[in-house]
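Q: Need a 3D model of the sequence below.
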Amino acid sequence: MCKATGFPPGDDSVPQMSLDLGDARQENMQHTHEQWNSVLPLRSGPLFQVAADEMELGLGVHGEAGKQKLKLCTAAETVRLMLEALVAALGLVSGDKVAVLINNLGATSQLEQWIIAKEVHKQFGSIGVSVVRLYPGLLMTSLDMAGVQVSVLKLRGHEEDWLGYLDATTEAPAWPGGPLSIPSPDTPSDSQAEADTLSLADSRIQERGPVISQSGSAVLTQCLKAIARALIDSEQRLNELDSGCGDGDCGTTLRLFAEGVLSRLDSLCVSHPATLFLQLAAVSESVMGGTSGAIYSLLLTTASSSLDGLEEVGAETWGKAWRCGIQGIMRYSTARLGDRTMLDALIPACTEFEVRTKTNTNQVLAAVDAAAQAAINGCDKTKDMQARAGRASYVSSSHWTNVDAGAYAVAVWLEALSKVLTRTLPPTDKK
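A: A predicted model of the protein is given here:
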């Protein structure tokens, strides 16, 4: 409000104009705050206490206690709670236009600040309210105060004048206004853009390789579901393992992959494993990011190539595809067995599967179970290995206090595979 009620450059209007504008804005502007902790200078401690798993809603901008304590929740849920109060107070309806200021209360990271900004823009758009100006920044802060203040100005009936005042140049150094304050025209959401990318990738993947039976396709679908759910359930543990010598996102990355598979399970070509592997590789490339995305893409793409020209798929065929996938990783990576990577679980498991006799269902199940156990054993050994590849090889050995996250992930999905096959393979299935 201070910015907009200031005199526009070159405007000789009397001070009453500023007072009138201020009164109008009081009727069209509301604020709400969300905060995690607060300390003021010259005080021995915080003004109020917030538990580690709590946040304060509706606090004062100087750190005064808020209206309500809530359990910590996601950014999306936090913004929803804030916007519900603002929408009700301002009487916002679909078609309204607003200017939004997101004040970083002082100790909120830039990453968190912009996550909140994105969520505010997204959620307003979902109810048909257009955010035509967005101002995230540090404007009024308190010492060690982690949280945000969201202020909304309803522009109904005043859009041209008020935007002119907001856009007017100013010498105030902290004002976040500028070209970046004007959001881009509506574009597809991240999820829609991701779906479009995957659809384009799918359109270029032709059905190829051998076809498996309807019952086999059903079993393969169950395997994908079980593996995805196991990876999602293991997210926190994988992130913990990755935090010592990585960037702490191995679990999140694999969870994104798993969710990507589950969200499009109905469109995956499970009747053609060679095609399925290429589709899964496209998912990993699109949603995982980082080194993990590239490695799993290599594993799946090269596994797919091993199935070209075959007429049927049996237990031995799956083993050859597995081995081919490993060779694909090693062709483009310096990592080898014993280097403290996912290969330390993947290679022993594959070897164990290859050497087992697999002429009937019981033997196949025993081979998969033995492979899963070999992956667990290989993963356990990484705890005492010297890292010679990957991010871990660049940090002090004092950080190698547990098993490798990538190897642990392999053990997770192989164990899930073994369990689901034991439950779903029919006793007479010989493949």
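Q: Wasn't V131 part of a strand?
A: Yes - assessed by DSSP: H, G, I helix; E, B strand; the rest coil, V131 belongs to a strand.
Q: Could I get the contacting residues of it?
A: Contacts for V131 (Cβ atoms under 8 Å, 6 or more residues apart in numbering) come out as 97-100, 120-121, 124-125, 183. For the C-beta atoms, the positions are set from N, CA and C on the backbone; glycine is no exception.
Q: what number of residues lie near S213?
A: Residues near S213, counting by other Cβ atoms under 10 Å, number 13.
Q: next one: phi and psi at it?
A: phi -70, psi 170 (degrees, to the nearest 10).
Q: please begin residue numbering at 81 from this point
A: Noted, 81 is the first residue going forward, which turns the last one into S293.
Q: any idea how far it lies from L360?
A: 20 Å (Cβ to Cβ, to the nearest Å).
Q: Check L300 too.
A: Distance from L300 to L360, by Cβ to Cβ: 11 Å.
Q: What score does L358 have for pLDDT?
A: pLDDT recorded at L358 is 95.
Q: check contacts around it.
A: 285, 380-381, 384.
Q: Which positions within the helix or strand encompassing it qualify as buried?
A: For L358, the host element (DSSP states H and E) is helix 353-367. Neighbour counts over helix 353-367 (16 or more other Cβ atoms under 10 Å) mark 353-367 as buried.
Q: Which of the residues you listed sits closest to T462?
A: S364 (22.1 Å; Cβ to Cβ).
Q: my read: that closest one touches Y376, true?
A: Yes - if you go by Cβ atoms under 8 Å, S364 and Y376 touch, sitting 4.3 Å apart.
Q: what do the two both touch?
A: F337.
Q: May I have the helix holding L358 as CSV, with CA atoms only?
A: The C-alpha trace of helix 353-367 is given here as CSV (Å, rounded to 0.1, in the frame of the first residue of the first chain):
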residue,chain,number,x,y,z
PRO,A,353,8.5,-55.8,-22.8
ALA,A,354,10.9,-54.2,-25.3
THR,A,355,8.5,-51.3,-25.8
LEU,A,356,7.7,-51.1,-22.1
PHE,A,357,11.4,-50.7,-21.2
LEU,A,358,11.7,-47.8,-23.7
GLN,A,359,8.6,-46.2,-22.2
LEU,A,360,10.0,-46.6,-18.7
ALA,A,361,13.3,-45.0,-19.9
ALA,A,362,11.3,-42.1,-21.2
VAL,A,363,9.6,-41.7,-17.8
SER,A,364,13.0,-41.7,-16.0
GLU,A,365,14.4,-39.1,-18.3
SER,A,366,11.4,-36.8,-17.9
VAL,A,367,10.7,-36.9,-14.2
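Q: After it, which helix or strand is next?
A: Next element after helix 353-367 (DSSP H and E): helix 370-385.
Q: Mind giving me the packing neighbours of the following helix or strand past that next one?
A: Next helix or strand after helix 370-385 toward the C-terminus (DSSP H and E): helix 395-411. Helices and strands touching helix 395-411, by 3 or more Cβ pairs under 8 Å, 6 or more residues apart in numbering; DSSP states H and E, are helix 370-385, helix 423-435.
Q: Buried deepest among those helices, which one?
A: Most buried of those, by mean neighbour count (mean count of other Cβ atoms under 10 Å): helix 423-435, with a mean of 23.
Q: ok, and what's touching that helix?
A: Residues contacting helix 423-435 (Cβ under 8 Å, 6+ apart): 399, 402-403, 406, 409-410, 415-418, 447-448, 450-459, 461-462, 465, 484, 486-488, 490-491, 494.
Q: biggest separation within the contacts of L358, which pair?
A: Checking the contacts of L358 with Cβ to Cβ, the most distant pair is I285 and L380, at 11.9 Å.
Q: Verify the stated contact: D449 with L497.
A: No - counting by Cβ under 8 Å, L497 is not a contact partner of D449; they are 9.7 Å apart.
Q: Touching both of those two, which residues are there?
A: With Cβ under 8 Å, 6+ apart as the test, D449 and L497 reach no residue in common.
Q: In contact with W402, which residues?
A: Counted by Cβ under 8 Å, 6+ apart, W402 has contacts 383, 430, 433.
Q: Low-confidence bits of this structure, can you list those?
A: Flagging of the chain using pLDDT under 70 yields the residue ranges 81-128, 140-146, 265-284, 471-480, 507-511.
Q: Can you show me the strands along it?
A: 109-117, 134-137, 148-151, 177-184, 210-217, 226-234 (DSSP state E).
Q: Could you export those strands as CSV, including distance to E164?
A: Converted to CSV, those look like this (distance: least, Cβ to Cβ, whole Å):
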stretch, distance to E164
strand 109-117, 9
strand 134-137, 11
strand 148-151, 13
strand 177-184, 15
strand 210-217, 16
strand 226-234, 12
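Q: contacting residues around the closest residue to E365 other than its chain neighbours?
A: In space, and not counting its chain neighbours, E365 is closest to S377: 4.9 Å by Cβ to Cβ, 6 or more residues apart in numbering. Residues in contact with S377 (Cβ under 8 Å, 6+ apart) are 361, 364-365.
Q: Go ahead and confirm C349 touches Q359.
A: Yes - between C349 and Q359 a contact is recorded at 6.3 Å, counting by Cβ under 8 Å.
Q: Now for the two: what residues contact both?
A: With Cβ under 8 Å, 6+ apart as the test, C349 and Q359 both reach I285.
Q: so K151 bridges to which residues?
A: Listed by DSSP bridges, the beta-bridge partners for K151 are E134.
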